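> next input, structure requested:
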Amino acid sequence: MSDLFPPFEPERVESKRARFKAIPFRLIAPNVVTLLALCLGLTAMRLVVEGKFEAATICLLVAALLDGIDGRLARLLKGTSRFGAELDSLSDFVCFGVATGFVLWTFVLHDLRSFGWIIVLTLACAMALRLARFNVMIDDPNRPEWQKNFFVGMPAPAGAITAMLPLYLQFIGLPVADYGAPFVGLYILFIAFLTISQIPCYAGKTLGTRVPRDQVLPIFVAVVVVAGLFFAYPFEMLALIVVAYLALIPVSVARYRKLEREHATSPQTPAEAVAPVAEVASSEMPER
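Numbering: from 1, shown residues only. Predicted structure coming up:
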């Protein structure tokens, strides 16, 4: 009968509590940056309701900047995790799909009534599909190393920045809100198509890893000049950057095709390594 009422042993409780180990801060820091970006995206929606379009645009731009930082910070601190990757995708959808679409709807697309709302839904769904495909491609072990220098379709942050080109033009004095609603709608549909397309866009992950010694000082001067122009004429520079980015997409496609032909003829590359990305995504999608 003594086995029915065993004595209380506090040390056993302490041993169970000892199983919960402290989490290193290097694993938390990238997720904090991601949450800050999410907060900025949600704040942009509030600001645009209050009529503060410039402040809302800046919030989305800073959110895109933080989105580019959190992944690099995680790799730098060796704090990458599956949780962080999923949180980053959810934050990107809210900031660059929902919040960006809502800002554009409030700005000018509401003039198109139901058609404008369909455009907003198309942009948001395109961002969701783009992010889902990106998550699937992360798990693909057969993707060649050289393809990692390219995005398949326009990435979500770049899609949001380019989609807000009508806002930049409005801020520099062009009457986009008064006369440009149909053109803005067609432009947003074009950006939505680029995000879900298989058009390769250069990722720039290897850009700047090695800089020739004789180019260091010119690069410093160029950075100072660009920073000065950006602070003096922010929206003019943003419009110029968007136009330049769109113009460089054909160059990226040509570079991708050239590398694809070179690796397809190389005996060291298996034939399946250059399979179309769409086949890889469709084969993995049911597991999501």
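> every contact and neighbour count from this point should use C-alpha atoms.
Will do.
> what about residue 30, how many neighbours?
27 (other CA atoms under 10 Å).
> right, and it touches residue 81 too?
No: taking contacts as CA atoms under 8 Å, residue 30 lies outside contact range of residue 81: 9.8 Å.
> low pLDDT regions in this structure?
In the predicted model, the chain carries pLDDT under 70 at residues 1-20, 138-141, 205-209, 266-288.
> tell me where it has strands.
For the chain, the strands defined by DSSP state E occupy 150-152, 200-202.
> report the distance from the first one to the chain centre.
Once both centres are worked out by CA atoms, centre = their mean, to the nearest Å, strand 150-152 turns out to sit 12 Å from its chain's centre.
> can you give the contact residues for stretch 147-156?
Residues from elsewhere that reach stretch 147-156 (CA atoms under 8 Å, 6 or more residues apart in numbering): 92-93, 96-97, 127, 130-131, 194-206, 256, 277.
> which among the residues you listed end up buried?
Among the contacts of stretch 147-156, those buried by neighbour count (16 or more other CA atoms under 10 Å) are 92-93, 96-97, 127, 130-131, 194-196, 198-203, 256.
> so which bits of stretch 143-163 are buried?
In stretch 143-163, counting by 16+ other CA under 10 Å, buried: 143, 147, 149-163.
> and it, end to end?
Using CA to CA, to the nearest Å, one end of stretch 143-163 lies 29 Å from the other.
> how far does it sit from the chain's center?
For stretch 143-163, the distance to the chain centre is 8 Å (CA atoms, centre = their mean).
> same check on stretch 237-254?
Centre to centre, stretch against its chain (CA atoms, centre = their mean), the figure for stretch 237-254 is 16 Å.
> can you show me the CA trace of it as CSV?
Provided in CSV are the C-alpha atoms of stretch 237-254 (Å, rounded to 0.1, in the frame of the first residue of the first chain):
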residue,chain,number,x,y,z
MET,A,237,15.7,59.0,-56.5
LEU,A,238,13.2,56.3,-55.7
ALA,A,239,11.4,56.8,-59.0
LEU,A,240,14.7,56.7,-60.8
ILE,A,241,15.7,53.5,-59.0
VAL,A,242,12.5,51.8,-59.8
VAL,A,243,12.8,52.7,-63.5
ALA,A,244,16.4,51.5,-63.6
TYR,A,245,15.4,48.2,-61.8
LEU,A,246,12.7,47.5,-64.3
ALA,A,247,15.0,48.3,-67.2
LEU,A,248,17.7,45.9,-65.9
ILE,A,249,15.3,42.9,-65.9
PRO,A,250,16.0,42.0,-69.5
VAL,A,251,19.7,42.1,-68.8
SER,A,252,19.2,39.7,-65.9
VAL,A,253,17.2,37.4,-68.1
ALA,A,254,20.0,37.4,-70.7
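> list the buried residues of that stretch.
237, 238, 239, 242, 249, 252, 253.
> swap in stretch 160-176?
Buried, per 16+ other CA under 10 Å, within stretch 160-176: 160-171, 176.
> can you list contacts of it?
By CA under 8 Å, 6+ apart, stretch 160-176 touches 54, 57, 61, 64, 96-97, 100, 104, 107, 177, 184, 187-188, 191, 235-236, 238-239, 242.
> now which of the residues you listed would you call buried?
Buried members of the contacts of stretch 160-176, scored by 16+ other CA under 10 Å, are 57, 61, 64, 96-97, 100, 104, 107, 177, 184, 187-188, 191, 235, 238-239, 242.
> can you pull the contacts of the nearest residue to residue 125 once chain neighbours are set aside?
Nearest non-adjacent residue to residue 125, counting by CA to CA, 6 or more residues apart in numbering: residue 97, 7.4 Å away. By CA under 8 Å, 6+ apart, residue 97 lies in contact with 123, 124, 125, 126, 127, 128, 156, 160.
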